[in-house]
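Visitor: Here is a sequence with its predicted model. Questions after.
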Amino acid sequence: LSPTRLPCGNEPLAQHEAVRRFLIAKTAKDCSVLIALKPDPTSPTHALAPQEVQCQSRHVERGFHGFAYSLAVVDLDPKPSTKMSHYLSLNREMVEVYKRAEEADQLVPLGRCEAGRVPGLDDMRDGESSKQT
């Protein structure tokens with residue numbers, strides 16, 4: 001199977017590969033990358049005499065190019081195949097919410113959401129949940 005092409009067909013190997021790739025993607029989507037940077041006075045580029053600047057609540061050093069760093073990737077636990085039906089349900093719900101917003105001409109351009117609320121979509125969801133109770 002090609003790593004750049006999606007597996008297709010009814011063969012068990014192709015189906016297994018499609019599920020494997022999906023679960024790997026779910027794992028990667030859920031992970032976090034943590035990066036910590038700290039000026040490194042032992043760096044050879046530190047001899048450039050950094051200039052200190054105070055900006056409100058943060059400290060900025062200009063002309064400094066040496067850093068010590070730490071990198072970590074966390075939350076890489078594999079996602080179980082038993083959650084496939086849950087993932088399918090969530091995907092269907094997202095598609096339905098998008099379709100309703102599109103039909104109601106309530107799609108919001110990226111960057112226009114405030115405080116985690118999407119105008120129109122949250123109202124539609126609130127209406128859906130009140131109908132179900």
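Guide: Here it is on my side, so go on.

Visitor: Make sure Ser70 is indeed in a strand.
Guide: Yes. Remark: Ser70 belongs to a strand, assigned using DSSP: H, G, I helix; E, B strand; the rest coil.

Visitor: Beta-bridge partners for it, please?
Guide: Under DSSP bridges, the beta-bridge partners of Ser70 are Ala36.

Visitor: what about it, how many residues close to it?
Guide: Applying other C-beta atoms under 10 Å, we find 9 residues neighbouring Ser70. (Glycine included, C-beta is placed from N, CA and C.)

Visitor: got the contact list for it?
Guide: Applying C-beta atoms under 8 Å, 6 or more residues apart in numbering, we find Ser70 in contact with Leu34, Ile35, Ala36.

Visitor: And the pLDDT at it?
Guide: Listed pLDDT for Ser70 reads 88.

Visitor: And for the one 5 residues further on?
Guide: The score at Asp75 is 92. That number is its pLDDT.

Visitor: Look up phi and psi at it.
Guide: Phi and psi for Asp75, reported as degrees, to the nearest 10, are phi 60, psi 50.

Visitor: Skip the chain neighbours and tell me the closest residue to it.
Guide: Closest residue to Asp75 apart from its sequence neighbours, by C-beta to C-beta, 6 or more residues apart in numbering: Cys31 at 4.9 Å.

Visitor: just Thr42 next, same as before
Guide: Nearest residue to Thr42, sequence neighbours excluded (C-beta to C-beta, 6+ apart): Gly66, at 7.6 Å.

Visitor: Regarding Glu93, which helix or strand does it belong to?
Guide: Using DSSP states H and E, Glu93 sits within helix 84-103.

Visitor: which parts of that helix are buried?
Guide: The neighbour-count check on helix 84-103 (16 or more other C-beta atoms under 10 Å) flags Val97, Arg100, Ala101 as buried.

Visitor: ditto for stretch 11-25
Guide: For stretch 11-25, burial by neighbour count (16+ other C-beta under 10 Å) applies to Leu23.
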